Each structure stands twice: as C-alpha cells, then as structure tokens.
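[1] Quick one: sequence plus predicted model below, questions after.
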Amino acid sequence: MSGEWGEGPARDGDASGAVSTGGGGAVPPPRTGGRAEARRAAQAKGGDKGGDRSGDKGPEGGGRAAARRGGKPKRNVKKIVAWSAAGALVLIAGAGGAIYLKLNANIKSFDPDAIATDRPPEAKADADGNKPVNLLLIGSDSRGKNNSDLGGGEEGGARSDTTILLHVYADHKHAVGISIPRNAMVPMPSCKLPNGKWTKGGGTDLFNAAFAMGGSDDGNPACTQNTVEKLTGIRVDHTMVVDFNGFSSMTKAVGGVDICLPQAIYEGDVNPNLHKKGALVLPQGKQTVDGQKALDYVRLRHGIGDGSDIGRMKRQQAFLSSLAAKIKKEGLNPTTLLPLADAATKSLIVDPGLDSADKLLSFAMSLRNIDMHELKFVTAPWRFRTQDKNIDLVPADSQKLWDIIKADQTVDGQNATGQQPDAPATNAPAPQPTTPAAPAGDAANAAIKVSVFNGTTNNGLAGKATDLLKGAKFTATTAGQGPSTKYRTTTVEYGTGQKANAEKVAALFPGATLSASGGRGVNVIVGQDFAAANGMAGGSATPAPGAPAGAPQPLPTSVTNEVRSADDDICANTSYGSGG
C-alpha cells in the first residue's frame, strides 16, 4: 500500500452528525486527543525547568515538533493503538528455562527513580498467601528503531494511544483488562523528565500526554504509571510497553490472529488523507491476520461505526481476546515457544520488577491458569465532552470500578480473593444456611451446562448462584448482568430439548419460574427472591452478612453490558455508533 500513514490534526473532528453521550442528549462526535493536543506534554524535552505546563497550549516547543526543527517539512502521522498484546502474551504463555539467556538479553527496563514515592498501598495477601497483581500495558507509537516502516511517518517522540490496566485476581483464575481512553481528561501528577528534572504536576491534561512527557522516543512509562495510580488509587505492580515491531513480530510468531470485520476496509479508511477509496485492505467477515494487516486492524478508526476511539478500543479488546484464546488453546511447544517469547521480549520496556527473564517467566508461570471466560475486558466509564470533543471519565461509575478492583471483586460481583473463610470457633453455633443446601448431585449433572445471570442490582448474586450449582455438580459459569435488574423471581430459561435439565436446575431455586427460550442450553437469571434468601432483602445492594464494611457498590448495567470475555464471538461488539 502506498503513501504515508497520516490523518492530520483536523481528522479528529471530521465525522459529521451527533453521537450519544450515554447519559442523555446528543453531542458532536469526539475530537479524539490527537498528537497536536498531546504534544503539549512533550514541550519540556531537554529544557523543562519543572514549571507548570497547564497553561502552555502552543503547538511547538518539544517532542515531535522539536524533532522537526532540522528543516524537515511537517508530516502528519496516523495514530496507533496500544500494543498491549505483549502483556496478554506474557500473561497466558509463560516460557521455559531453555530460552532464558536469549530472553534475558532482549529486556529493557525504565528508571526506577521515575516512579512516584507517594503511591497507593500494596494489596495485602489473603490467608493463603495469594495476592492480586495489577499490570499496566502500554502501547507505544514511537517511530524510532525502524518502527516508521510499519507505522509510517518520521516524527520524533512517542504516544500511548491506548493503555490497559490488567487486574489479575488473587485466585489467579480471573483477570480484567480496563481500557483507559487516550483522550480522557485526567489529573496529572509530577513526572520525571529525561533530563532528570521533575514537573510540578497539577491541573488536567489528556491521558496520553503522560507517556509523551519529555519527548523521548521510548516514551515515559513511569509517568503513565504515576498517572494511573493518581487516577485510580490502585497500585500498579508492573508496567510493560510494546512497540510496532514487537506487535507485528508476535502476531507472525503465533501464526496470525483471528479477527472479524462488519464491513470491508479500504486504503481510504486506513488513511483518510488518501481522499479516495483505494484498494481493499481487509475484507468483510472472519479472517486471520498478522504483521502489517494486524496493525491495520487494531489501528483502524475510520470506516466503521462513528469513527471514534471508542469503537477502536472495542476492536483492540476483541483482538487481545482472540490472541490470548489462541495461545491458550494451542499451548506451547519448543517449535513455537522461542520465536514467540523472543518477539515479545525484544519489544518490551518493563518496570524494574520485571527486568530479567527469570522475573518475567516466574510472573508468567504464576498466571497460566487464567480461564478464557474469566478474562474480561471493559472500558472505564466515560462520556463525551461538549466543550472540546474529548472525553471525561464518569466520576461515580469510575469510582465504583476502581473500588471493585481494590476489593478484588469481579465486574459481576464475584469474590476472587482466593481466600477461604475462617473455620468457626469450636464453641460457636453452626451457621444457618441462607439458601437451600445443594443436593449431592449425580454424574449426569456435570453434562448440564448452565449460564448464570444477575437479574438484580445485588453485587455478587450471580456468583453465589454459580457456587450453589457447582455444589450440585452442574457445569456452571457466571455470565454477568441479566437483561434487566428487576427480576422479582428467579427464572430458569431452557432451549429445545432442555426442559428436563432445566427442571433439575430449578430444584435448587425454590419458587423459580421455568421459561422456554429460543436459545440453547440452560440459563438461570437470579431474582430478588434469591437475593432475599442470601440476606440482601429488597434487591438492594445491601452486603450479605459477613461482608466487609464499605463493600463496593455494583457497576451499572451501562458498564457491565459492554464487558467482553476472551471467549466471546470475535464478530460481536467490534464497533461503536452509527455511520462509517
């Protein structure tokens, strides 16, 4: 494909028509925090005196602008998404000691002194010694080190156009990746620059300005880590950065990644400055991509939906899900392990806690049991700003998400700490069950697959029902929020030929309603009756007896309905808005 990958500063506002804010009313589509806006963060390069940057809005002065002062004409460059597939790779794959020396030579870490000293507390281990882990996955659009051959353009500096905070729960069987929009306005902390000076911090700026701080081609991952900790109150245990070349190499090493597009994509969609349709780049439907085509898919913003970054983040989440699922399914063998791990580590810049192959491999092996259905992706609750077409995070809903993560609860309210309840004292009376005891079950129950949904606003209710079903030997999984939060009575839905199985399931939920559906298998939608039986009277978010004081409130359905599991259909939920 010919021509430079460029969109130009004006492209962020080139979509026409209004888009929904998710909170009422219609506003113009987002002008998504582009390089011109993020460039403010790079103005301190080589000469920042620690002053406050909040009032400096000039388009020149540092970063990529400084890189052009040698007389080169200004060139516009297409933005790139976060290549956090490296983190997903390390999370799922692990590696063996046979390639230790080769991997160790590849790894680069950032300055530990650039990490803020005023940080959120570390998570505490439970009674079994299990601790959650928070991994910050950053994608760099740096054009250094031959990355311009894949990304296009020759400008200096780096941006992080998408960042994912991956929370691995203490049981090491669940994980959730939270996408933070690159053009969200967030509070900025003090950050260390390449020249050794620190900025004052304070004020707000675009989230991706943190990675650009100082204008280095390697970016400023410590500044992004400091920003995430300030924003969320969650301590980041590890940080990884991966670039174009690494992303491309990894997709080739795994033999390509399955994707799905709702419509065909042409050169003019990938590069709007082409001003014509151009040749076909990616056909409609399911396909397997690697290298440049994989980059084209995750970079794509125009031509699908409303052209916003929200849709692009959905496709990134779908891609990472597909990559993780493929690695999990195929497993590792000596033939594929070396090129895969070699590609990943060559592209990584990591925090000092992961600065050797030994540390990386130990970390990876501790996470190998994460189930694909329990690997979730969600976007931090957001809304469009009318004044500048960027994004604000919704304060109340975002705080609920951060609180749930800090409490080590899943997005559908399960407790994933891995901690077993303490045994009762010998002189204490036996606790009275709040729900019917699960029957012993028979071997036939294991063949009955049940998906459990929460039909109330009670945090963790679907998880309780799942545990009840598992106790009766059913193969049950928590599937998230139901179609409504107003179910007064638990409903057991069943597909063709599943009525007898549904009756077995309903026996665990006294008073449950049986309902035939057009789907397959058996679904349980727990209602307020089940909530009341578990001490959550009225279907409110009242914690069950024994729950810690100040237990986090459940997420709204506007957030939970958008959650993606790594085993979801790759064709589902890959765009946002209309048009394209």
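    Good, I have the coordinates.
[2] where in this protein is pLDDT low?
    1-102, 141-160, 331-339, 361, 365, 418-441, 518, 536-550, 579-580 (pLDDT under 70).
[3] longest helix anywhere in it?
    helix 309-330 (DSSP state H).
[4] Name the residues of that one that are buried.
    For helix 309-330, a neighbour-count test (16 or more other Cβ atoms under 10 Å) marks 309-328 as buried. Every C-beta, even on glycine, is put in place using the N, C-alpha and C of the backbone.
[5] and that helix, C-alpha only, in CSV?
    In CSV, the C-alpha atoms belonging to helix 309-330 read as follows (Å, rounded to 0.1, in the frame of the first residue of the first chain):
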residue,chain,number,x,y,z
ASP,A,309,-11.7,5.8,19.5
ILE,A,310,-14.5,4.0,21.5
GLY,A,311,-15.0,1.6,18.6
ARG,A,312,-11.3,1.2,18.1
MET,A,313,-10.9,0.2,21.7
LYS,A,314,-13.6,-2.4,21.3
ARG,A,315,-11.6,-3.9,18.4
GLN,A,316,-8.4,-3.8,20.4
GLN,A,317,-10.2,-5.8,23.2
ALA,A,318,-11.5,-8.3,20.6
PHE,A,319,-8.0,-8.7,19.2
LEU,A,320,-6.4,-9.3,22.6
SER,A,321,-9.1,-11.7,23.5
SER,A,322,-8.5,-13.6,20.2
LEU,A,323,-4.8,-13.6,20.7
ALA,A,324,-5.0,-14.9,24.3
ALA,A,325,-7.5,-17.6,23.4
LYS,A,326,-5.4,-18.9,20.5
ILE,A,327,-2.3,-19.2,22.7
LYS,A,328,-4.3,-20.8,25.5
LYS,A,329,-5.9,-23.3,23.0
GLU,A,330,-2.8,-24.3,21.1
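[6] Packing partners of that helix?
    If you count contacts as 3 or more Cβ pairs under 8 Å, 6 or more residues apart in numbering; DSSP states H and E, helix 309-330 packs onto helix 85-92, strand 162-168, strand 175-181, strand 257-261, helix 291-299, strand 375-379, strand 564-565.
[7] hang on, residue 563 packs against residue 376?
    Yes: with contact defined as Cβ atoms under 8 Å, residue 563 reaches residue 376; the gap is 5.3 Å.
[8] neighbour count winner among these two?
    residue 376 (23 against 20; other Cβ atoms under 10 Å).
[9] so what sits against both of residue 563 and residue 376?
    residue 411 (Cβ atoms under 8 Å, 6 or more residues apart in numbering).
[10] What's the end-to-end length of stretch 360-375?
    20 Å (Cα to Cα, to the nearest Å).
[11] What are the buried residues along that stretch?
    For stretch 360-375, by 16+ other Cβ under 10 Å, it's 360-361, 363-364, 367, 370, 372-375.
[12] can you check stretch 250-266 too?
    250-254, 256-261, 265-266.
[13] what's the answer for stretch 404-421, then?
    404-419.
[14] Helices - which of those land there?
    Checking the buried residues of stretch 404-421 against DSSP H, those in helices are 404-406.
[15] Distance to residue 285 for those - can I get that in TSV?
    Converted to TSV, these look like this (distance: Cβ to Cβ, whole Å):
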residue	distance to residue 285
404	36
405	36
406	41
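[16] So which of those is the closest to residue 294?
    residue 405 (29.2 Å; Cβ to Cβ).
[17] Was I right to think that closest one contacts residue 176?
    Yes: counting by Cβ under 8 Å, residue 405 touches residue 176, with 7.5 Å between them.
[18] Residues that sit against both of these two, list them.
    With Cβ under 8 Å, 6+ apart, residue 405 and residue 176 have common neighbours residue 167.
[19] Please list all residues in contact with residue 576.
    Taking Cβ under 8 Å, 6+ apart, one finds 305-306, 308, 310-311, 314 in contact with residue 576.
[20] and the residues you listed as CSV, adding distance to residue 289?
    Formatted as CSV, the contacts of residue 576 follow (distance: Cβ to Cβ, whole Å):
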residue, distance to residue 289
305, 19
306, 23
308, 22
310, 22
311, 18
314, 17
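[21] Taking the residues you listed, tell me the two that lie furthest apart.
    306 and 314 (11.7 Å).
[22] which element is residue 288 on?
    Using DSSP states H and E, the element containing residue 288 is strand 285-289.
[23] Tell me the strands beside that strand, with direction?
    Here strand 285-289 has these sheet partners by DSSP bridges: strand 257-261 (antiparallel).
[24] Direction included, what does the helix or strand that comes right after the strand it pairs with pair up with?
    Remark: after strand 257-261, the chain's next helix or strand is strand 265-266, criterion DSSP H and E. Paired strands of strand 265-266, with direction, are strand 280-282 (antiparallel) (DSSP bridges).
[25] Any buried residues in the strand it pairs with, and which?
    For strand 280-282, by 16+ other Cβ under 10 Å, it's 281-282.
[26] again, but for stretch 559-573
    For stretch 559-573, the neighbour count (16+ other Cβ under 10 Å) marks 559-560, 562-568, 570, 573 as buried.
[27] farthest pair in those residues?
    559 and 570 (21.7 Å).
[28] returning to that earlier point: ok, of the buried residues of stretch 404-421, which one's closest to residue 461?
    The closest of the buried residues of stretch 404-421, once distances to residue 461 are taken by Cβ to Cβ, is residue 413, at 6.7 Å.
[29] I'd like to know how many residues surround the closest residue in space to that closest one that isn't next to it in sequence.
    Sequence neighbours aside, residue 460 is the residue nearest to residue 413 in space, at 3.5 Å (criterion: Cβ to Cβ, 6 or more residues apart in numbering). Look at residue 460: counted by other Cβ under 10 Å, it has 24 neighbours.
[30] Repeat that for residue 471.
    15.
[31] With residue 473 instead?
    There are 18 residues near residue 473, going by other Cβ under 10 Å.
[32] And residue 515, by the same measure?
    The number of residues near residue 515, taken as other Cβ under 10 Å, comes to 12.
[33] Export stretch 110-123 to CSV, keeping only CA atoms.
    Provided in CSV are the C-alpha atoms of stretch 110-123 (Å, rounded to 0.1, in the frame of the first residue of the first chain):
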residue,chain,number,x,y,z
PHE,A,110,12.9,2.1,32.7
ASP,A,111,14.4,4.2,35.5
PRO,A,112,13.0,3.1,39.0
ASP,A,113,13.7,6.6,40.3
ALA,A,114,11.0,7.9,38.0
ILE,A,115,8.2,6.1,39.9
ALA,A,116,6.4,8.3,42.3
THR,A,117,7.1,7.9,46.0
ASP,A,118,3.6,8.8,47.1
ARG,A,119,1.8,5.7,45.9
PRO,A,120,-1.4,3.7,46.8
PRO,A,121,-0.7,0.9,49.3
GLU,A,122,0.2,-2.6,48.1
ALA,A,123,-2.5,-5.2,48.1
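[34] Looking at strand pairing, list the partners for residue 109.
    Judged by DSSP bridges, the bridge partners of residue 109 are residue 350.
[35] so where do the helices sit in the stretch 451-580 of the chain?
    For the stretch 451-580 of the chain, the helices defined by DSSP state H, counting those that start in this stretch cover 461-471, 499-506, 528-533, 557-560.
[36] Residue 183 is nearest to which of these?
    Nearest to residue 183, of these and by Cβ to Cβ, is helix 557-560 at 19.1 Å.
[37] Tell me the spacing between residue 443 and residue 476.
    16 Å (Cβ to Cβ, to the nearest Å).
[38] So these two - more neighbours on which side?
    It is residue 476, of residue 443 and residue 476, that has more neighbours when counted by other Cβ under 10 Å, with 24 against 7.
[39] Let me know whether residue 303 touches residue 267 as I believe.
    No: Residue 303 is not in contact with residue 267 according to Cβ under 8 Å; the separation is 10.2 Å.
[40] Just want to know which of these two has more residues nearby.
    When neighbours are counted by other Cβ under 10 Å, residue 303 and residue 267 differ, and residue 303 comes out ahead with 21 against 18.
[41] From residue 311, how far out is the more buried one?
    From residue 303 to residue 311 the distance is 10 Å (Cβ to Cβ).
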